[in-house]
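**Q** sharing a model prediction with you, sequence too.
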Amino acid sequence: MRTTAASIVVLALWFSPSAMAQGKNTASTNKVKSFDHLVINVSDMERAVAFYKRLDFTLINEDGWRKGQGQVSIKIGENQKINIHKQDVLGAQNKPQDIGPNDKFNLAYIPLAGDADFCLVWGGTIQEAQQHLRDSGVDQVSSPRNVTGARGPATSVYFRDPDGNLWEFVVYPQ
């Protein structure tokens with residue numbers, strides 16, 4: 001009988017409003033709406049800029065960067081971008097950035113070219129994405145793959161930039 005009574009108490013507590021609130025998904029209190037920018041590290045800026053131009057991305061501040069004023073960014077949609085940083089090579093070993101009181105907060109802890117892996121939504125068919133990549137001189141483009149993206153089931157193709165960063169174009173059903 002004690003086991004039954006204890007079980008009832010546990011169940012009552014488990015399903016009580018305060019317990020439900022504790023177990024509730026707290027993502028609703030998070031006010032993040034979208035990403036503003038991501039950073040991709042590259043080993044050769046000129047090669048990277050040429051590659052992204054071949055893909056017909058809109059580049060922001062290429063002229064300013066050439067004058068030593070800021071960085072180049074890839075425009076994504078109306079209000080997002082990917083900043084292109086040149087990897088600082090510090091000899092045979094890459095040295096982690098200072099994360100103490102001298103942290104500049106402008107670089108990843110260990111910024112490495114080729115360490116990015118991300119996905120962009122393609123606004124056409126998966127066949128158009130593949131053809132665009134081939135027409136842009138991308139040698140290796142994956143076969144279409146069924147994936148589950150942030151919006152649900154989709155189809156993706158993958159490719160790599162000259163530094164080996166993994167890019168994915170995803171197409172959601174209409």
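**A** Sure thing, it's come through.

**Q** show me the strands in this structure, by range?
**A** Using DSSP state E, the strands found in the chain span residues 37-42, 59-60, 72-76, 80-86, 117-121, 145-149, 152-160, 166-171.

**Q** end to end, how far does stretch 73-82 reach?
**A** Using C-alpha to C-alpha, to the nearest Å, one end of stretch 73-82 lies 5 Å from the other.

**Q** now it: buried residues?
**A** Applying a neighbour-count criterion of 16 or more other C-beta atoms under 10 Å, one finds 73-74, 76, 81-82 buried in stretch 73-82. Heads up, the C-betas are built off the backbone N, CA and C, glycines and all.

**Q** now do stretch 115-133
**A** Buried residues in stretch 115-133, counted by 16+ other C-beta under 10 Å: 116, 119-120, 122, 126, 129-130, 132-133.

**Q** next: stretch 60-68.
**A** 60-61, 65.

**Q** what's the closest non-adjacent residue to the residue nearest the centre of the chain?
**A** Nearest residue to the geometric centre of the chain (C-alpha atoms, centre = their mean): residue 118, 3.9 Å. Of all residues not flanking residue 118 in the chain, residue 38 sits nearest, at 6.4 Å (C-beta to C-beta, 6 or more residues apart in numbering).

**Q** distance to residue 146 added to the buried residues of stretch 115-133, as TSV?
**A** Below are the buried residues of stretch 115-133 laid out as TSV (distance: C-beta to C-beta, whole Å):
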residue	distance to residue 146
116	23
119	14
120	18
122	15
126	10
129	15
130	15
132	20
133	19
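
**Q** now do stretch 108-124: distance to the chain's middle.
**A** Mean C-alpha position of stretch 108-124 versus that of the full chain (C-alpha atoms, centre = their mean, to the nearest Å) differs by 5 Å.
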